[in-house]
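>>> turn this into a model:
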Amino acid sequence: MSIEEFWEEYTSSERDLFQRSCRRLLKHTFIVRDKDDENKKVYYFISKKPEPFSGFFGYIGFDIVVDRENGVVMLRNCADVGENGKIQANRLQLKKAESVVLCCLWALYADRMRSGNLSRSYLISITDLRFEMEKYGVKEQIDKSTMGNILALFSKFNLIDVNGKVGEEDCLIRLYSSLQFALDSEEFRRFVEVTQKRMIEKSGETTDDEEDNDADE
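Presented below is the predicted three-dimensional model:
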């Protein structure tokens, strides 16, 4: 069936929900079934009949993916159109601090999954995130205001939710299953390798400086 045929079969309420669902995907990229009632309603509407959404977004070079196991619907670039086979319009270029925090959140989600907890979302504390950031030597480089802005950005894309005020000990972050699709595992591996290399080089520079100081004394 074409998108026009689906549209003709929709009731007025279904047409309204279709429009709202498309706008939500364009704004948030991810729809997470277990986030709230509105997301759940949109998720089931799309996942029941994804064909009209693929047809609609196909006109502008996008497609949707429905991951029923994790309860996620996501907007992605079509692989067969655009320059070099892809349209890059919905790819967000992150700053260094944002990339580091996203990698840490991704790592914490993966760690909770490996622990045997099969929940589709996990609660962590802001302290958990800070500890993870220490591994990359950037904890002191991201202040409370910057962290708040970064977490608000990821909340916008339905990757996380923040409960409480950033900077307070009782602040909690809910990690959603959409995090699994926000960062490619190969990209994460390369990021860790580069970060570890820089940390080793930085440590070596510190050691050399200390040895020079000792020699001078």
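
>>> tell me who's in contact with N158.
28-32, 35, 39, 176, 178 (Cβ atoms under 8 Å, 6 or more residues apart in numbering). In short, each C-beta sits where N, CA and C put it, glycine included.

>>> same thing but 7 Å
28, 30-32, 35, 176, 178 (Cβ atoms under 7 Å, 6 or more residues apart in numbering).

>>> specify the local secondary structure of it.
Here N158 is coil, with the state taken from DSSP: H, G, I helix; E, B strand; the rest coil.

>>> begin at 23 from now on, thanks
Let's use 23 as the start, then, which means that last one is N180.

>>> how close does the closest residue to it other than its chain neighbours sit to S24?
Nearest residue to N180 in three dimensions, chain neighbours excluded: F52, at 4.3 Å (Cβ to Cβ, 6 or more residues apart in numbering). F52 sits 27 Å away from S24, going by Cβ to Cβ, to the nearest Å.

>>> between these two, tell me which one has more neighbours.
Using other Cβ atoms under 10 Å, the more surrounded residue of F52 and S24 is F52, with 22 against 10.

>>> surely C126 meets E154?
Yes - in this structure C126 lies within contact range of E154 using Cβ atoms under 7 Å: 4.2 Å.

>>> for A119, give its distance to I164.
5 Å.

>>> can you give me the domain boundaries for the chain?
Taking automatic domain parsing as the criterion, the chain consists of the domains 25-107, 118-205.

>>> would you turn those into TSV with distance to R212?
What follows is those, written out as TSV (distance: least, Cβ to Cβ, whole Å):
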stretch	distance to R212
domain 25-107	20
domain 118-205	11
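
>>> got these as a markdown table, with mean pLDDT columns?
Converted to a markdown table, these look like this (pLDDT from 0 to 100):
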| stretch | mean pLDDT |
| --- | --- |
| domain 25-107 | 91 |
| domain 118-205 | 88 |
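
>>> for K187, what are phi and psi?
Torsion angles at K187 (phi, psi; degrees, to the nearest 10) stand at phi -100, psi 130.
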